[in-house]
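Enquirer: Turn this into a model:
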Amino acid sequence: VQLVESGGGLVRPGGSLTLSCVASMSTFSNYHMSWYRQAPGKERELVARIISSGDTTNYADSVKGRFTITRDNAKRTVYLQMDSLKPEDTAVYYCHAKRRFSSSDWWGQGTPVTVSS
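Expert: Residues are numbered from 1 along each chain as shown. Okay, here's the model as predicted:
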């Protein structure tokens, strides 16, 4: 399984970015997908999760109302739309996949997001 993130970069406070994660597995629809982030000196934290069917999503309180996670199973891609970005959103963002009914999981290499004026 390979997960390749893209879309990170430098953005001003209040701006927007969309992260993408393309997965290699042909059975993408059997995986729950998540975005995590890790800021310098802090532990990795869950940002958003979407279940395999796409019917249910969950968000960290800190991003509710600003971030949206979606998936396109035909394209084997999960997205994270980030709006109204704040400096505290600065972190490396990681894509995570967990196979249904299994403890097996995988991580992408991460894409950095910097929110600064």
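Enquirer: Count the neighbours of the residue lying closest to S26 once chain neighbours are set aside for me.
Expert: Spatial nearest neighbour of S26, chain neighbours left out: R76 (7.8 Å); criterion: Cβ to Cβ, 6 or more residues apart in numbering. No exception for glycine: its C-beta is placed from N, CA and C like everyone else's. Residue neighbour count, defined by other Cβ atoms under 10 Å, stands at 18 for R76.
Enquirer: And the residue nearest the centre of the chain?
Expert: Closest residue to the average C-alpha location of the chain: W35 at 2.7 Å, with Cα atoms, centre = their mean.
Enquirer: Identify the residues contacting that one.
Expert: Applying Cβ atoms under 8 Å, 6 or more residues apart in numbering, one finds that W35 lies in contact with 19, 21, 46-49, 69, 78, 80, 93-96.
Enquirer: Equivalent analysis for T56, please.
Expert: With Cβ under 8 Å, 6+ apart, T56 has these contacts: I50.
Enquirer: please redo it, this time with the cut-off set to 7 Å
Expert: With Cβ atoms under 7 Å, 6 or more residues apart in numbering as the criterion, no residue contacts T56.
Enquirer: ditto for Y79
Expert: By Cβ under 7 Å, 6+ apart, the contact set of Y79 is 18-20, 69-70.
Enquirer: sorry, back to before: can you tell me the element the residue nearest to the centre of the chain falls in?
Expert: strand 31-38 (DSSP states H and E).
Enquirer: which residues of the protein fall in strands?
Expert: Under the criterion DSSP state E, the chain contains strands at 3-6, 9-11, 17-23, 31-38, 45-50, 57-59, 67-72, 77-82, 91-99, 105-107, 111-115.
Enquirer: Neighbouring strands - and their directions - for the longest one?
Expert: For strand 91-99, the paired strands and their directions (DSSP bridges) read strand 31-38 (antiparallel), strand 105-107 (antiparallel), strand 111-115 (antiparallel).
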